[in-house]
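K.L.:
sequence and predicted model, in that order:
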Amino acid sequence: MALTLDDIRHLFDKHGSIAYSGEPVTQLQHALQSAALAEAAGASPELIVAALLHDLGHLLNLQGETPSKRGIDDLHQYYALPFLRPLFSDAVLEPIRLHVDAKRCLCAIDASYHARLSADSVRSLQLQGGVFDDETAQAFLAKPYARDAIALRRWDDEAKDAHRVTPALPHFMEMAASIALS
């Protein structure tokens with residue numbers, strides 16, 4: 001079943017107030033902050049929308065707050081893709097799909113990155129397969145959209161500030177409408 005833009009708005013309206021996995025922000029705040037950081041960095045509309053929707057799988061597959069504390073990897077990076085594929089191009093979908101592996105890669109190629117992860121990100125990293133070895137990291141970097149996924153990952157990590165002010169959801173949903181396939 002494909003989602004419509006109205007369905008996405010409804011998901012954020014209905015579940016956006018859920019806490020974002022042990023962080024001081026809600027799911028909606030995290031999504032808006034990720035998208036705002038992408039926009040401030042001059043990202044393409046597709047990458048900004050990917051930043052907005054990268055954790056939509058959490059809202060489609062509700063596992064309660066902080067599932068990583070219970071040893072659950074909800075595979076959110078994959079869960080939303082079938083619902084979004086009819087609506088968006090790979091320029092949106094691939095950074096979403098790859099953003100968890102981007103964390104695994106960054107831990108392998110940036111010595112200081114792991115130390116900056118939140119407690120929940122460290123916990124989920126183990127559930128998601130741990131740090132890539134050098135060969136796997138290089139193979140990841142060679143994939144199409146890997147650089148976009150790494151940028152998305154960095155915005156994802158920064159998007160946990162309870163006091164950050166962002167544009168409201170309609171601002172980014174208008175952008176999503178402008179790049180939607182149908």
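P.N.:
Here it is on my side, so go on.

K.L.:
center of the chain - which residue?
P.N.:
residue 54 (2.8 Å; CA atoms, centre = their mean).

K.L.:
ok, it to residue 32 distance?
P.N.:
Using CB to CB, to the nearest Å, residue 54 is found at 12 Å from residue 32. All C-beta atoms are positioned from the backbone trio N, CA, C, and that covers glycine.

K.L.:
could you report the pLDDT at the nearest residue in space to residue 58 that is not next to it in sequence?
P.N.:
Closest residue to residue 58 apart from its sequence neighbours, by CB to CB, 6 or more residues apart in numbering: residue 76 at 5.0 Å. Looking at residue 76, its pLDDT stands at 70.

K.L.:
OK, contacts around residue 76?
P.N.:
Taking CB atoms under 8 Å, 6 or more residues apart in numbering, we find residue 76 in contact with 55, 56, 57, 58, 61.

K.L.:
from those, which two are the most distant?
P.N.:
The span of the contacts of residue 76, defined through CB to CB, is set by 55 and 61 at 10.8 Å.

K.L.:
format the contacts of residue 76 as TSV; extra columns: distance to residue 130 and neighbour count.
P.N.:
Conversion of the contacts of residue 76 to TSV gives the following (distance: CB to CB, whole Å; neighbours: other CB atoms under 10 Å):
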residue	distance to residue 130	neighbour count
55	20	24
56	25	24
57	20	20
58	21	22
61	22	14
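
K.L.:
understood, closing this out.
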